[in-house]
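[1] Make a model of this:
(chains A, B, C and D)
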There are 2 protein chains.
Amino acid sequence: MRILPTIEDIAEALHLSKATVSRALRDHPDVSPETKRAVVALAKKLNYEPNRLAQSLRSHKTNTIGVVVPEIAMHFFSSTLSGMQEYALRHDYIIMVCQSMESYQHEKISVHKLASNRVDGLLISLSSETRKVDHLRQLIEKKIPVVLFDRVCDDLDVSKVTVNDYEAAFKAVEYLVKTGCKRVAYVGGPRDLYINAQREQGYLDALRRSNIAPSEDWIIHCKDLHTEPLTATRQLLDLPHTPDAIFCMNDPIAILVMQVLKEQCVRIPDDISVIGFTNEPVSNFIEPSLTTVSQPSYEMGKTAAQLIIEQLERTASFTPVTRELSTELIIRNSTRKLYRKVLET
Amino acid sequence: MRILPTIEDIAEALHLSKATVSRALRDHPDVSPETKRAVVALAKKLNYEPNRLAQSLRSHKTNTIGVVVPEIAMHFFSSTLSGMQEYALRHDYIIMVCQSMESYQHEKISVHKLASNRVDGLLISLSSETRKVDHLRQLIEKKIPVVLFDRVCDDLDVSKVTVNDYEAAFKAVEYLVKTGCKRVAYVGGPRDLYINAQREQGYLDALRRSNIAPSEDWIIHCKDLHTEPLTATRQLLDLPHTPDAIFCMNDPIAILVMQVLKEQCVRIPDDISVIGFTNEPVSNFIEPSLTTVSQPSYEMGKTAAQLIIEQLERTASFTPVTRELSTELIIRNSTRKLYRKVLET
DNA sequence: TTGAAAGCGCTACCAC
DNA sequence: GTGGTAGCGCTTTCAA
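    Model prediction:
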C-alpha cells in the first residue's frame, strides 16, 4: 500500500465503489447508515485524510490565502499576520506569506508566485516603492480577489482595511498645539504612498485649523527612513526658529529623531515634543516614553482575513467595502502635559 | 475558454498534442525548435501558467514548506520567518505559516493542518507547553521531513538549528561574575523546555566554576512569563542577602525585572546588574539599555529553510545534522563595567 | 442506495 | 519528433 491511504484503498477493503466511499465520508444523505459507519470506522483506523490537492484540482479552490507584507519582521506587520493566521485557521484557510522588502520588484514577484500557487485570494499591504498596481489588477482579472490593508491605494476597486490616518494625524497635531506647541515640524516619507500623504495632510490641516501657517522648512521628506531622519532632525535644529514639536510619520522615525535630540542635549518634551505613529512595542520603553498613535494591527489582520473569506464564500455578486478601524492617541512622556497650557494662560 | 489557459488550449490552437506542448514548455530535448518556439510564444501570449495543483497531484510534491512558531508577533520568530521566507522563495518554495500560541493543542492542530495541506516539509519551534512530540513523529512516518529550530527537543532524530544556549548563558553569567557580582539570581521559565534547561544549566555551571554555590533562593521558575517575573523580582529583593545581579532567561523577563527594580528605586547596574537573552529590539532602547545575548534569528530561519530544502531535494539517504549558530554577548548599560572590577581589586 | 465513468490539468510511458 | 493514453485522488453526474 501507499504511504497514505486513499479513497480507493477504503473502497477495495470494503468492497464498495470510490463514489460511495466519497459520499460516506462527506456525510451525503443517501448513503446507508451502516455503510457510512463502516467507511468512517475504516478511515479512522487507516488514518485516512483526503488529499487536498486532488480536492483542489477538482473544485478549483485551495483554501489558501496569500499575504504580502513589506517586511515580516516589522512588529506592525507580524502582528497583522498573527491576526490573519488566527482568523484564517479558524475558518479552514491557511496563509502563504511573502514579503516585498519595500521593493516593487519583489512585490510583483511575490504576488505572481502566490498566484501561481493558486491562492484563493490575496491580502496585501503595498511596498513603499509601489506606484502602479497592474500586478494586482491582473490577479483580479484572473478572479483572484484582492484585499488591501494599511498601505492601501486609491485607484483599485477592492475591499480595504485601514485606519483613518488623516484624522489620527490631525488629532495628534491638534494635541501638540493644545499643549502649547506652535512650531510643529513634520518628518515623514515620500508623499506618493497614500497613507504618508494622508498623515501629512492631517498634520497640515490641523495646523491651519489652529491658524498656524505651516512653514516649508518644517516639513521634511525622507527617502531612506533608516538614516535620513537623523540629518532631518539636525536640519530642523539649525533653523533660525527651531520647532517646539516634531510630528513623526512613524515610531522608528520618532526614535531616530529622539536620538539626535538627546545627543544635542535638547530636552524632550520641555524644549521639543515628539510624537510618533503606530505604537510599536519599543515606544513604551524608550526614554522618555513616546506619545504615539496606536493602530489595531492584530485587528486589521483579522478584519482583512474576514473580508477576503467572506468575499470568497459569497455566492452572490460582491461590492467592495472599506473597513476603517479606529486609532487612539497614546499620551506618554515625549510630549508636554496638557495642564501646562492651562497654567500658562 | 476558461479564465486561465491550460495546456490543452495551447495544444488545440497549435494542432499539437498535450504531450508535445508539455514537453515544449519544459524544454524537453526532443521537441523540434520550431514547435518549441511556437508553443512558448503562444503560452506567453495567453499568459499561460502551469497549474501547480495538477503538477503537485502528479508529482507528489507541492514546493511548500509548513512553519509553526509559538507566536508570529514575537520579534525573534518573525525574524526567523523572514529568513525562511527569503531563502524559500529564492529556491522556489513558499511557506505556510501557523502559530501555536504556546499551546500544545494549537501546535498539534497546526501541524496536522499543514500536513493535510500537503506541505513537503515542516519547520517548527516547539511551544512552551509541548512535552510529547508524537505529532511530529507521525509526520516523519508519513515521510514529511521535520526540522526543529531554536526550541528543539532531544528525543527526535531530525535536523536541528540551535544556538548553544548553555554556552551563551555560561558566558553571560561568567561576565557578571567578572564585573564583581557574587550573588547572581536566575529568573526563567520551566525547566522542561529544553532550551530553558540549557540556559539554566549554563548559569549554574558558570557560578560553580567561579566557586559560587548557587543558592536555591536565587532561582525562580515562572510559569506565566507575562506576570510572574514581577513577583519573582520582589521575592528576590526580600531576600536577607539580596542578589547583586539577575540573569534573565529572555529579554521580556528582563524588562519586567527592570521595571520592578526601578519602582523599588534599586539602581541598575550599581545595586543590581541585569542581563537578558535574545537581543530583542527593545533591549537597545530601554533605560538603561540591556546587556543581553544576541541570537542570529534571521540566520536561524534561513538555515532551517536551507536544511529542509536540502533534505527534500537530496536523492540519497539522509542523516540529520545539527547546525549550531553562534551568539554574542552584547554589553550595554544594565551591567557593571568590567574595569570596575579591576579598579576594586 | 450504490456503481461506473468522466474529468479537474498535468506528466510520462510507450508507440509510431 | 510527436501523439495516444493512463493515472495522480477526488467528486459528481447519470444510470441502475
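[2] Look up the closest residue to A:L204, ignoring the ones flanking it.
    Counting by Cβ to Cβ, 6 or more residues apart in numbering or on different chains, A:P214 is the residue found nearest to A:L204 once chain neighbours are left out, at 5.5 Å. From N, CA and C alone the C-beta is placed, and that goes for glycine too.
[3] Isn't the one you found up against A:G202?
    No - the pair A:P214 and A:G202 fails to qualify as a contact (Cβ atoms under 8 Å) at a distance of 11.8 Å.
[4] Just the buried residues of stretch A:128-144, please?
    A:128-130, A:133, A:135-136, A:139, A:144 (16 or more other Cβ atoms under 10 Å in any protein chain shown).
[5] Among those, which ones are in helices?
    Per DSSP state H, helices hold the following members of the buried residues of stretch A:128-144: A:135-136, A:139.
[6] out of A:P214 and A:G202, which sits in the busier spot?
    Shown here are A:P214 and A:G202; by other Cβ atoms under 10 Å in any protein chain shown, A:G202 has more neighbours (22 against 19).
[7] hmm, back to that, farthest-apart pair in the buried residues of stretch A:128-144, please.
    Spanning the widest gap among the buried residues of stretch A:128-144 are A:S128 and A:I144, at 23.8 Å by Cβ to Cβ.
[8] near chain B at all, stretch A:134-144?
    Yes - legend: contact between stretch A:134-144 and chain B by Cβ under 8 Å from any Cβ of the partner chain is shown at A:142-143.
[9] So what touches that stretch?
    A:107-108, A:111-112, A:115, A:119-122, A:124, A:146, A:156, A:158, B:3-4 (Cβ atoms under 8 Å, 6 or more residues apart in numbering or on different chains).
[10] Now, these that are in helices?
    Going by DSSP H, the helices hold A:107-108, A:111-112, A:115 from those.
[11] Could you give me the PyMOL selection string for whichever of the contacts of stretch A:134-144 are buried?
    Only the buried entries of these go into this PyMOL selection, using 16+ other Cβ under 10 Å:
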select buried, (chain A and resi 107+108+111+115+119+120+121+122+124+146+156+158) or (chain B and resi 4)
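[12] any idea which of the contacts of stretch A:134-144 is closest to DNA strand C?
    B:L4 (6.6 Å; Cβ to the nearest atom of the strand).
[13] I'd like the distance between that closest one and DNA strand D.
    Between B:L4 and DNA strand D the computed distance is 17 Å (Cβ to the nearest atom of the strand, to the nearest Å).
[14] same check, this time on A:I309
    19 Å.
[15] my hunch is that A:L329 is in a strand, does that hold up?
    Yes - A:L329: assigned to a strand according to DSSP: H, G, I helix; E, B strand; the rest coil.
[16] That one - how many residues pack around it?
    Neighbours of A:L329 (other Cβ under 10 Å): 16.
[17] ditto for the one 5 residues further on
    Residue neighbour count, defined by other Cβ under 10 Å, stands at 27 for A:S334.
[18] Show me which residues of the stretch 151-300 of chain A are close to chain B?
    A:255, A:281-282, A:285-287, A:298.
[19] circling back to that earlier point, how about the contacts of stretch A:134-144, which pair is most distant?
    Across the contacts of stretch A:134-144, no pair lies farther apart than A:E107 and B:I3, at 23.2 Å, counting by Cβ to Cβ.
[20] Might you report the residue contacts of the nearest residue to A:H221 once chain neighbours are set aside?
    Leaving aside its chain neighbours, A:H221 sits nearest to A:P190 (5.6 Å; criterion: Cβ to Cβ, 6+ apart). By Cβ under 8 Å, 6+ apart, the contact list for A:P190 reads A:128, A:196, A:221, A:223.
[21] give the contact list for A:D27.
    The contact partners of A:D27, by Cβ under 8 Å, 6+ apart, come to A:K36.
[22] quick one, what contacts A:L236?
    A:185, A:187, A:217-218, A:220, A:242-243, A:246.
[23] at 7 Å instead, please
    A:185, A:242-243, A:246 (Cβ atoms under 7 Å, 6 or more residues apart in numbering or on different chains).
[24] Same question for A:S294.
    Contacts of A:S294 (Cβ under 7 Å, 6+ apart): A:279, A:327-328, A:330.
[25] Identify the residue spatially nearest to it, adjacent ones excluded.
    A:N279 (3.7 Å).
[26] pLDDT value on that neighbour, please?
    As summarised for this prediction, A:N279 has a pLDDT of 97.
[27] Also A:D154?
    91.
[28] Same question for A:L343.
    Looking at A:L343, its pLDDT stands at 50.
[29] Repeat that for A:F318.
    At A:F318, the predicted lDDT confidence score is 86.
[30] List phi and psi for the residue nearest to A:L204.
    The phi/psi pair for A:P214 (degrees, to the nearest 10) reads phi -60, psi 130.
[31] That one contacts A:D205, correct?
    No - in this structure, A:P214 is not within contact of A:D205 by Cβ atoms under 7 Å, at 9.5 Å.
[32] From the contacts of stretch A:134-144, which one has the minimum pLDDT?
    Among the contacts of stretch A:134-144, B:I3 has the weakest pLDDT, 78.
[33] Where do the strands of the stretch 101-250 of chain A begin and end?
    A:121-124, A:146-149, A:159-163, A:184-188, A:219-221, A:245-248 (DSSP state E, counting those that start in this stretch).
[34] of all the ones in helices among the buried residues of stretch A:128-144, which comes closest to A:S103?
    A:H135 (12.6 Å).
[35] Also within reach of DNA strand C: list those from the buried residues of stretch A:128-144.
    Subset of those in contact with DNA strand C: empty, counting by Cβ under 7 Å from any atom of the strand.
[36] and which of the residues you listed is nearest chain B?
    A:I144 (9.7 Å; Cβ to the nearest Cβ).
[37] Any chance of the backbone angles for the closest one?
    Phi and psi for A:I144, reported as degrees, to the nearest 10, are phi -100, psi 110.
[38] Kindly report the same for A:G276.
    Dihedral angles for A:G276 - degrees, to the nearest 10 - are phi -110, psi -160.
[39] distance of it from A:A13?
    64 Å (Cβ to Cβ, to the nearest Å).
[40] And A:A169, by the same measure?
    Counting by Cβ to Cβ - A:A169 and A:A13 are separated by 66 Å.
[41] Equivalent analysis for A:S326, please.
    As judged by Cβ to Cβ, A:S326 and A:A13 stand 58 Å apart.
[42] These two: which has the busier surroundings?
    A count of neighbours by other Cβ under 10 Å puts A:A13 above the other of A:S326 and A:A13, at 16 against 12.
[43] pretty sure that one contacts A:L42?
    Yes - in this structure, A:A13 is within contact of A:L42 by Cβ under 7 Å, at 6.2 Å.
[44] domain assignment for chain A?
    As given by automatic domain parsing, the domain ranges for chain A are A:7-50, A:60-162+A:297-324, A:165-295+A:330-344.
[45] and the end-to-end length of the shortest one?
    It refers to domain A:7-50. Counting by Cα to Cα, to the nearest Å, you get 8 Å between the two ends of domain A:7-50.
[46] Is it in proximity to DNA strand C?
    Yes - using Cβ under 7 Å from any atom of the strand, we find that domain A:7-50 touches DNA strand C at A:15-20, A:23, A:30-32, A:34-35.
[47] so does that domain get close to DNA strand D?
    Yes - for domain A:7-50, a contact with DNA strand D is found by Cβ under 7 Å from any atom of the strand, at A:7-8, A:18-19, A:22-23, A:25-26, A:50.
[48] what's around A:V266, how many residues?
    Neighbour count of A:V266, defined by other Cβ under 10 Å: 17.
[49] Next: A:T319.
    8.
[50] What of A:A168?
    21.
[51] Leaving out the residues flanking it, which one is nearest to it?
    Using Cβ to Cβ, 6+ apart, the closest residue to A:A168 is A:T327 (4.2 Å).
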